[in-house]
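K.L.:
Turn this into a model:
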Amino acid sequence: MPDLTVTRSTAGPVLPTLIAGAGDRAALRFLEFFTVNILSLD
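P.N.:
Prediction:
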């Protein structure tokens, strides 16, 4: 079972260990997933 603890770093955002261990590109995509603006056509 993967380690699901939180990795803390003074140099960047707090990320789950699984994401932080996957590299910079994965971390960026993880953060982008939760912060992207979704356009509404209404």
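
K.L.:
Can you give me the buried ones in the one helix or strand residue 25 maps to?
P.N.:
According to DSSP states H and E, residue 25 maps onto helix 24-35. Buried residues in helix 24-35, defined by neighbour count with 16 or more other CB atoms under 10 Å: 27, 30. For glycine as for every other residue, the C-beta is placed from the backbone atoms N, C-alpha and C.

K.L.:
any weak-confidence spans in the protein?
P.N.:
For the chain, residues meeting the criterion pLDDT under 70 lie at 1-10.

K.L.:
residue nearest the centroid of it?
P.N.:
Per CA atoms, centre = their mean, the C-alpha nearest to the average position across the chain is that of residue 30, at 3.4 Å.

K.L.:
ok, the closest residue to that one other than its chain neighbours - contacts?
P.N.:
For residue 30, ignoring the flanking residues on the chain, the nearest one in space by CB to CB, 6 or more residues apart in numbering is residue 19 at 4.7 Å. By CB atoms under 8 Å, 6 or more residues apart in numbering, the residues touching residue 19 are 26-27, 30.

K.L.:
Just list the residues touching the residue nearest to the centre of the chain, thanks.
P.N.:
Residues near residue 30 by CB under 8 Å, 6+ apart: 15-16, 19.

K.L.:
Tell me which entries of the residues you listed lie within strands.
P.N.:
Members of the contacts of residue 30 lying in strands (criterion: DSSP state E): 15-16.

K.L.:
Now distance to residue 36 too, for the contacts of residue 30, in CSV please.
P.N.:
Formatted as CSV, these follow (distance: CB to CB, whole Å):
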residue, distance to residue 36
15, 17
16, 18
19, 16
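
K.L.:
which one among the contacts of residue 30 gets closest to residue 35?
P.N.:
Lowest distance from residue 35 to the contacts of residue 30 (CB to CB) belongs to residue 15, with 13.0 Å.

K.L.:
All set, thanks.
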